[in-house]
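Visitor: I would like to see how this sequence folds:
(3 chains)
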Amino acid sequence: MSNTKKFASVAVGLGLVTLPVLTACGSTDSGGSADSKTVTLVSHDSWAVSKSVLKDFEKQSGYTVKVLKDGDAGQAVNKAILTKDNPQGDVFFGVDNTLLSRALDNGLFQSYEAKGSDLILPEYRVDQDKHRVTPIDSGDICVNYDKAYFSEHKLTPPQSFDDLIKPEYKNLLVTENASTSSPGLGFLLGTAAKYGDGGWQDYWKKLKANGVKVVDGWEQAYNDEFSGSAGGKKAKADRPLVVSYASSPPAEVIYADPKPTTAPTGVADGTCFRQVEYAGLLSNAKNTKGGKALLDFLLTKEFQDDMPLNMFVYPVREAAQVPQEFVKYGRQAKDPETMAPTKIADNRDQWVKSWTSLVLK
Amino acid sequence: MALPVAFFAVFFAYPVAAIVARGLKADGAWQFGRIGDVLAQSDIRHVLWFTTWQALVSTVLTLLIALPGAYVFARFDFRGKQVLRAVVTVPFVLPTVVVGTAFLALVGRGGLLDQLWGVRLDTTVWAILLAHVFFNYAVVVRTVGGLWSQLDPRQEEAARMLGASRFAAWRKVTLPALSPAVAAAALMVFLFTFTSFGVVQILGGPTFSTLEVEIYRQTSEIFDLATAAVLTMIQFVAVGAILVVHARTVRRRETALRLVAPETTARRPRGAGPWALLAGVLASIVVLLVLPLGVLVQRSLDAPGGYGFAYYRALASADGGIFLVAPIEAIGNSLEYALAATAIAVAIGGLAAAALTRRNTGRLVRGFDALLMLPLGVSAVTVGFGFLIALDKPPLDLRASWILVPLAQALVGVPFVVRTMLPVLRAVDGRLREAAAVLGASPWRVWREVDLPMVRRALLIAAGFAFAVSLGEFGATVFIARPDNPTLPVAVARLLGRAGDLNYGQAMALSTILMVVCAVALLLLERVRTDRTGEF
Amino acid sequence: MLLSLEGATIRFGGRPVLDAVDLDVAEHEIVCVLGPSGSGKSTLLRAVAGLQSLDAGRVVLGGRDQAGVAAHKRGVGLMFQDHQLFPQRDVGGNVAFGLRMHGAPKGRQALEVGELLELVGLPGAERRAVAELSGGEQQRVALARALAPRPSLLMLDEPLGQLDRSLRERLVVELRELFGELGTTVLAVTHDQGEAFALADRVVVMREGRIAQSGTPLEVWQRPADEFVARFLGFDNVVEATVSGEAADTPWGKVPVPEGARQGPGTLLVRPAGVRLVAAADGLRCTVAARTFRGTHVAVHLQPEDAPRLEAACALRDAPEPGDEVGVEFDAAETVVLGEPPAA
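Guide: Numbering: from 1, shown residues only, chains lettered A, B, ... in the order given. Okay, here's the model as predicted:
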């Protein structure tokens, strides 16, 4: 008598016991979006939408929306490229301008000009001839400052890239690893846009000499090192300058209880790099019709109005409502640095490499 | 045997092979030249060197700090011992994303060391090393202490009667009996630290990189699958070697030793020396393990309006916007996933352990023993990406299925189940089964009537450990696409990824809940600990 | 025949542990397999029970070939050497186990367990834990457990092996009475000849997987089949001899043999009782090498000049001291030419 046989029967028994448990969590069934009534959105972990807004879309269109979150922005894009012959869903949302070329070069998307594309603010429009991607939102990566620190020290907060290398701001800035963090990369690209292919290295040398601290991720930088954030206060953080987002100050107000009358942090306007997030209809999507409807939905006023407070980004549609908190506690950069996706694609790896050896070694 | 092999092949070997092949195959031809190219890069070689170096030093440090702890847990009887043993195990099953932050409170700015001596260790290699001690303390205490507590003290006494000094008796009698367990623990710690990911990323800062971190970077950020594949293969070979040595030492450990019930060997400390030792061990546990965990609790209660449960209350509301549902529901999700993962891990691990118990186990089967541990040493990002491209065709198109998460968690749980069940199953006298068979019991009845009652407790412990590990599992979970029902660690990570006091506070509150759930699960395990329950 | 083994062969790693064994056990018969450890006797029981499959030959129970019949369907009982009581069950639970497996109703189980415990001399022990039983009590519980499903054949593996001597002697008698009463067919194995002779209707001596001799205890005792059996039974006065007429030529000189003994070269056994001590001048001259007190008699070890040692059984009073010189005479009635077919 082999024990295996005994155990096989036990496993069957266990399986039977487990089955109800398993089905209990089976809120979504497998099998992709084979049936044409389901449309699947593949996105990164930051995807969020108000329940009621999504419900309205489902009601009006007759589609059920299934959302798959696939890790952080970089991972989600990479995974989508890996599976492009047999995609996990119909629409991908969340490829930004730093990764756009990688997605397009790999043939991730098929052409579709979403309804409402004509209402997209001109500065966000890309890929006008093929319409493989549609811009959905934008955000600015900027240096944030701890207001309390600067008023205590009777110091004017820095306003530009040039300010950051001044001696009065020595040892105050914390930023993220450009090779592992999206804001870290954005900040590097901002300096590259500002000082040009040859100049940014020189700038970073000065920044390094001025005591910039580099940590691996935004979470550590913002929550553990930045004195202006809620986490940083508890952690007795001592860096009053951090590379974060233009929407971070409003978040400090919105996610506070009781809510302060002014944001505890501010944005250095001249240190911003603009990030734009795109969505597109995946090549080989099973439900192209549903996918198109979903893309249309992402550009509707209803979604564009709802989006800012869910994902802390700015809308790209003309006359979309920017929430009051955004206006009151923060603002979009007036003149952010930008860079063409193709230029980013051409230089990104090389820049990150030389940045790493310049700053980290 | 067939089922575990199939499980292992489909959900581990195949996906990993697929992603490696994707990286190393261009235009249908293997690009083995890439191996040389990658190894020729000086920064890659530096990563390899650092990975090995820090793992070695971490292992030595962990043994130095945890062996006195193992002795105290084995030989001393004191109040709160069970609770304490559960507490020291909590870090092992907590996700690094949670603990990294807390650990900074010990070694970082404003941390204890900073306040006492102005020493800051964050973003130094010391932070990594100490955190590795923090995570792996329990491995040593449980593996070595478990055996130590069952060694018959009379053997040492017999040696002393024969004229050996106290130390000589220990060195000649106890140490040889203990050394396979110490070696096994050391190898496990080495394995865990060699493949360390979160700790190095969070505490080490961008200057330090292990093989695992580099694989993550190459796969997830740089998308250089060829380099990632080479690194994966290097790690595979290294981990395989560690596991082979480990399997050998474990087999030695299972050789006949005179074991006695642990209750009979522990006594209350008497005299200044034992008390000082106990105090020292307790102090090191408090500083290294309890303090960082305590910081989580403190921050979860430290709301702007004064200490209170504001953040916990906030967990129950869905207004946050980060999730479609209230964060509190992550607890339910986590429990469901962990239950499913536990069921899978226990079924697969139990079957594998049963197959490995058969007397006529050949070389092949024993090799499988080591093979089952491999998932512990393979990057979660590799497995996650592998799932994506390997399990994409019916009937195995599981990519969009919720079951993928518990499956990935079960991969990590199975080794623990096997290591817990194996010694107990091996200890069941085969003739008891025969006695039942001759009395008319069918094989199934034999299992139910003979094996089950004897392994029930081990099964419970295995299940509990698999449950706790699944609960805290973060790596594999985040690398798998999933519908919007986050597990606790994922929810914590996402709350930490967003600015704002409430988000941070809720992250701390959820972490505390996760910690408490893990601690309770482990405490329940302490109550059902058997005399012979493997290494964990 | 209730049980027949026909050419039963089992090999472990090429080495035969059972080598073409033929053995029959009739209904109500008590057969004891006797042999040193490693002779294959336990394997024999396991083969009959279905715990070990045969490499060749057949096991036939009640006229049916048991090939392919699993252990739990053979309806035989097996009492293990070290009892193998289920540690997590109490005495009653152990005894009732077989009844439960056979689906006996609860009420009948309780009744029968009570009866069986009474039968083995442990009335009312149902609720006791097996861990707190003495060795003898465990043995009784194991017996009751094996008897409970009323097996057609009860097999005992070293049934009294681990018990102390006085308990063993008492239990042997009890067991024999019990099996007689119940009419149980028994196949037991033991390495203890005293146990085998006291228990069995028939004794089967095994050597290296083969049956060396089979017969009633008296037959085996009186006429061991060969030197191995003789020595295994504890007889050491075994030598090569050439028989001619009523005497045999041995290293000890001429030894008288019974009438009709087989002529020619052979092996001769002289039981210790047949070695009589006389004055040194009157017989084979020996030195007393040692004495062993055996309770009813003294075993005297004698060293002749240029010949193998001899063992003699002496009355307590007559035993010489070590170092004494004595003479030895042999009694024809206590000598056996080995390998002879028993006198018809």
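
Visitor: low pLDDT regions in the chain?
Guide: Picked chain A for this. A:1-35 (pLDDT under 70).

Visitor: think we crossed wires, I meant chain C
Guide: For chain C, the stretches flagged by pLDDT under 70 are C:162, C:340-344.

Visitor: Also the stretch 101-250 of chain B?
Guide: Using pLDDT under 70, the stretch 101-250 of chain B drops low at B:101, B:105, B:109-112, B:122-123.

Visitor: need the helices for it, in chain order.
Guide: In the stretch 101-250 of chain B, the helices defined using DSSP state H, counting those that start in this stretch lie at B:112-117, B:125-148, B:153-161, B:166-169, B:175-194, B:198-204, B:211-216, B:225-253.

Visitor: I'd like the ones you listed as JSON lines, with distance to chain A appended.
Guide: For the C-beta atoms, the positions are set from N, CA and C on the backbone; glycine is no exception. Conversion of the helices of the stretch 101-250 of chain B to JSON lines gives the following (distance: least, C-beta to the nearest C-beta, whole Å):
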{"stretch": "helix B:112-117", "distance to chain A": "9"}
{"stretch": "helix B:125-148", "distance to chain A": "12"}
{"stretch": "helix B:153-161", "distance to chain A": "33"}
{"stretch": "helix B:166-169", "distance to chain A": "40"}
{"stretch": "helix B:175-194", "distance to chain A": "18"}
{"stretch": "helix B:198-204", "distance to chain A": "5"}
{"stretch": "helix B:211-216", "distance to chain A": "8"}
{"stretch": "helix B:225-253", "distance to chain A": "8"}
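
Visitor: out of the ones you listed, which comes closest to residue B:392?
Guide: helix B:225-253 (16.3 Å; C-beta to C-beta).

Visitor: Just the buried residues of that closest one, please?
Guide: Neighbour-count burial for helix B:225-253, counted by 16 or more other C-beta atoms under 10 Å in any protein chain shown, picks out B:225-236, B:238-239, B:242-243, B:246-250, B:253.

Visitor: And the next helix or strand past it?
Guide: Using DSSP states H and E, the helix or strand that directly follows helix B:225-253 along the chain is helix B:272-285.

Visitor: Quick check: which helices or strands does the helix or strand just after that next one pack against?
Guide: Along the chain past helix B:272-285, the next helix or strand (assigned with DSSP H and E) turns out to be helix B:291-301. Where contact means 3 or more C-beta pairs under 8 Å, 6 or more residues apart in numbering or on different chains; DSSP states H and E, helix B:291-301 is packed against helix B:81-93, helix B:96-107, helix B:310-315, helix B:501-528.

Visitor: Export the helices of the stretch 101-250 of chain B as a markdown table, with columns for distance to residue C:25.
Guide: Shown next, in a markdown table, are the helices of the stretch 101-250 of chain B (distance: least, C-beta to C-beta, whole Å):
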| stretch | distance to residue C:25 |
| --- | --- |
| helix B:112-117 | 80 |
| helix B:125-148 | 49 |
| helix B:153-161 | 48 |
| helix B:166-169 | 56 |
| helix B:175-194 | 49 |
| helix B:198-204 | 70 |
| helix B:211-216 | 67 |
| helix B:225-253 | 43 |
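
Visitor: Tell me which of these lies nearest to residue A:172.
Guide: Of all the helices of the stretch 101-250 of chain B, helix B:112-117 sits nearest to residue A:172, with 18.9 Å by C-beta to C-beta.

Visitor: For the residue positioned nearest the centre of chain B, which non-adjacent residue is closest in space?
Guide: Taking C-alpha atoms, centre = their mean as the criterion, residue B:92 is the residue nearest the geometric centre of chain B, at 5.5 Å. Counting by C-beta to C-beta, 6 or more residues apart in numbering or on different chains, residue B:92 lies nearest to residue B:138, which is 4.4 Å off, once chain neighbours are set aside.

Visitor: Let me see the contact set for the one you found.
Guide: B:88, B:89, B:91, B:92 (C-beta atoms under 8 Å, 6 or more residues apart in numbering or on different chains).

Visitor: can you map out the helices along the stretch 151-300 of chain C?
Guide: Going by DSSP H, counting those that start in this stretch, the stretch 151-300 of chain C shows helices at C:165-182, C:193-199, C:217-222, C:227-232.

Visitor: can you list the ones you listed in a markdown table and add mean neighbour count and distance to chain B?
Guide: Supplementary listing: these in a markdown table, determined by neighbours: other C-beta atoms under 10 Å in any protein chain shown; distance: least, C-beta to the nearest C-beta, whole Å:
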| stretch | mean neighbour count | distance to chain B |
| --- | --- | --- |
| helix C:165-182 | 15 | 18 |
| helix C:193-199 | 20 | 20 |
| helix C:217-222 | 16 | 27 |
| helix C:227-232 | 20 | 26 |
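
Visitor: Check the gap between residue B:50 and residue B:58 for me.
Guide: Noted for residue B:50: a distance of 12 Å to residue B:58, by C-beta to C-beta, to the nearest Å.

Visitor: Settle it for me: which of these two has more neighbours?
Guide: Legend: neighbour count by other C-beta atoms under 10 Å in any protein chain shown for residue B:50 and residue B:58, higher for residue B:58 (26 against 21).

Visitor: any idea how chain C splits into domains?
Guide: C:3-228, C:248-330 (automatic domain parsing).

Visitor: Return the most buried member of these.
Guide: Ranked by average neighbour count under the criterion mean count of other C-beta atoms under 10 Å in any protein chain shown, the domains of chain C are headed by domain C:3-228 at a mean of 19.

Visitor: what's the span of it, first residue to last?
Guide: Start-to-end span of domain C:3-228 (C-alpha to C-alpha, to the nearest Å) is 27 Å.

Visitor: Now do it: distance to the chain's middle.
Guide: Computed by C-alpha atoms, centre = their mean, to the nearest Å, the separation of domain C:3-228 from the middle of its chain amounts to 12 Å.

Visitor: And stretch B:72-84, by the same measure?
Guide: Worked out by C-alpha atoms, centre = their mean, stretch B:72-84 lies 22 Å from the chain centre.

Visitor: Return the set of buried residues in it.
Guide: Neighbour-count burial for stretch B:72-84 flags B:72, B:73, B:74, B:75, B:76, B:84 (criterion: 16+ other C-beta under 10 Å).

Visitor: Any part of the longest strand seen in chain A near chain B?
Guide: Ranked by residue count and defined by DSSP state E, the top strand of chain A is strand A:134-146. No - contact of strand A:134-146 with chain B is not found when judged by C-beta under 8 Å from any C-beta of the partner chain; the minimum separation is 8.5 Å.

Visitor: Right, I'll call it a day here.
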